[in-house]
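>>> what follows is a predicted protein model with its sequence.
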Amino acid sequence: MLAVIDYEVGNLGSVYKAFRYLGAPVSLTKDPAELQKASGLILPGVGAFAEGAANLRRLGLESIIRERLQKGTPFLGICLGLQLLFETSEENAGSDRLAIGLGLCRGAVRRFPAGLKVPQIGWNELKFTRPSPLFAGLQSGCHVYFLHSYYAAPADCRLVVATTDYGIDYCSAIELDNIYAVQFHPEKSGEVGLAILRNFCAICS
């Protein structure tokens, strides 16, 4: 059973429905018992970085995620779910300090440079930088759907498995051991997106 982590932010339901559409056994849950036995964890999300991080901690989900990752459970972060893996974010909700993420990946989340229209909304191209089982069967140059104003800047470029050009060439997907994460929305990316979700199911199996 896959588990979409319910940490009370937007867009969880559409990811859950996409896995259901594929026929994957999946639950949308914050129940620790379900999360402990899941064969794969999915952390989607649309919303503010600081709120998402605070919700994970308030609901006691951060410690469960860390424990499962240490045991090798496959993990898929989507959009905000990718950004929360990093140490800090410039999306600081009006405070004078950077918002603090999970710190599972070294690096920061940055706002697109001034002069670019934000958020980036719509289809854009993935350029694969190295092979990843998450993108098995897909060709570099395929298009997926984005909706975001911030992007992850990993401290170690070896994490990056795909980049996208939006005024700058930025990281749009990472892989670190059993952690996979994408900035775009596979659940809104047509057949390419469904292929990515199928690939994650195969990783979990």
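The structure has been received and is ready for your questions. Bear in mind the structure is a predicted one, so any value in this text is a computation, not a measurement.
>>> hang on, residue 37 packs against residue 1?
Yes: the pair residue 37 and residue 1 passes the contact test of C-beta atoms under 8 Å, sitting 7.1 Å apart. For the C-beta atoms, the positions are set from N, CA and C on the backbone; glycine is no exception.
>>> tell me which residues of the helix or strand hosting residue 34 are tucked away?
Assigned by DSSP states H and E, residue 34 belongs to helix 32-37. Across helix 32-37, burial judged by 16 or more other C-beta atoms under 10 Å covers residue 35.
>>> packing partners for the helix or strand bottoming out on mean pLDDT in the chain?
Using mean pLDDT, DSSP states H and E, strand 99-100 stands out as the lowest-scoring helix or strand of the chain, at a mean of 90. On a contact count with 3 or more C-beta pairs under 8 Å, 6 or more residues apart in numbering; DSSP states H and E, strand 99-100 meets helix 49-58, strand 86-89.
>>> so which bits of the following helix or strand past that strand are buried?
Downstream of strand 99-100, the first helix or strand assigned by DSSP H and E is strand 105-111. Buried residues in strand 105-111, defined by neighbour count with 16+ other C-beta under 10 Å: 105, 107-110.
>>> separation between the residue nearest to residue 47 when sequence neighbours are not counted and residue 46?
Closest residue to residue 47 apart from its sequence neighbours, by C-beta to C-beta, 6 or more residues apart in numbering: residue 9 at 4.4 Å. Using C-beta to C-beta, to the nearest Å, residue 9 is found at 7 Å from residue 46.
>>> intersection of neighbour lists for these two?
Residues touching both residue 9 and residue 46 comprise residue 80, with contact defined as C-beta atoms under 8 Å, 6 or more residues apart in numbering.
>>> who's more crowded, these two?
residue 9 (21 against 17; other C-beta atoms under 10 Å).
>>> ok, that one to residue 163 distance?
26 Å.
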